[in-house]
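Q: let's see this in three dimensions:
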Amino acid sequence: MKNISGSASCETCSNQSNNIFRHLTRDELEKISLEKNCEPYKKGSVIYHEGYRITGCYCVNDGIIKIYKTGIDGKEQIINFAKKCDIIGFRSVLSGEVACTTAKVIEDSHLCYIPGETLIQLVKQNGEFSMDLMQLACKELGEANAYITDIAQKTVRERLAEVILLLKNNFQLDNEQFLQITLTREELANIVGTATESVIRLLSEFKSDKLIELHGRRIKIIDVKGLKKAGNIF
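A: I've put the predicted structure just below:
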């Protein structure tokens with residue numbers, strides 16, 4: 001199904017300054033629009049599985065996708081989240097390797113599938129687009145290295161405070177200062193790399209310290225400076 005009703009055109013998306021396709025020409029954007037396949041995905045849908053070969057990448061039109069790896073005990077380790085205008089799966093396409101992560105919908109989404117052949121052709125013919133993809137891959141690698149360092153050197157309390165601030169930076173706050181992403185306690189634990197019980201206890205501590213407020217799964221940020229101090233962030 002090509003260009004489902006309600007999906008944003010590639011040209012519209014490319015007008016956003018942080019979009020990976022912002023340096024494509026009008027003809028190249030038209031090529032993607034003709035060859036992409038846009039579909040809705042319900043919460044809980046798996047876009048692709050780690051260990052499987054994928055034949056194209058996905059651009060998020062709207063919604064939120066979690067990217068994670070699965071441990072030998074079946075426990076998820078959340079690596080990242082993808083939101084509107086983010087692209088996922090491109091590294092596996094360019095490297096020719098199987099997917100090293102799983103992508104799962106946590107908020108109803110629309111995604112545009114771009115065939116691998118189309119992506120590779122654009123990489124070969126548009127230097128600025130190639131550089132943007134390279135910079136994105138380097139950014140993700142840098143974030144992975146920072147996470148490894150945090151796991152080795154920071155306490156669970158520090159990591160949870162840092163995760164809350166990262167979610168704030170990535171998804172922003174609404175008018176009432178709530179994070180604009182809602183995660184289960186287990187999902188928070190899977191980002192931090194700890195047990196769910198530890199996250200529940202630490203969130204209660206943060207609440208007692210008047211750093212946050214808890215309303216079910218929703219987190220309201222009260223004291224950014226206090227969270228930075230708790231996360232040992234300078």
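Q: got the domain ranges for the chain?
A: Domain assignment for the chain by automatic domain parsing gives 10-150, 154-230.
Q: which stretch in those has the least confidence?
A: Mean pLDDT per stretch puts domain 10-150 lowest among the domains of the chain, at a mean of 92.
Q: what separates the most centrally placed residue in the chain from residue 103, distance-wise?
A: Among the residues of the chain, the one closest to the centroid is residue 81, at 1.9 Å (Cα atoms, centre = their mean). As for residue 81, its distance to residue 103 is 10 Å (criterion: Cβ to Cβ, to the nearest Å). The C-beta positions use only the backbone N, C-alpha and C, and glycine is treated the same way.
Q: over to residue 221?
A: 27 Å.
Q: which one's more surrounded, those two?
A: residue 103 (24 against 19; other Cβ atoms under 10 Å).
Q: and the longest helix for the chain?
A: helix 127-153 (DSSP state H).
Q: what's that one packed up against?
A: For helix 127-153, the packing partners by 3 or more Cβ pairs under 8 Å, 6 or more residues apart in numbering; DSSP states H and E come out as strand 76-82, helix 90-95, helix 116-125, helix 156-171.
Q: let's see 6 Å
A: Counting contacts by 3 or more Cβ pairs under 6 Å, 6 or more residues apart in numbering; DSSP states H and E, helix 127-153 packs against no other helix or strand.
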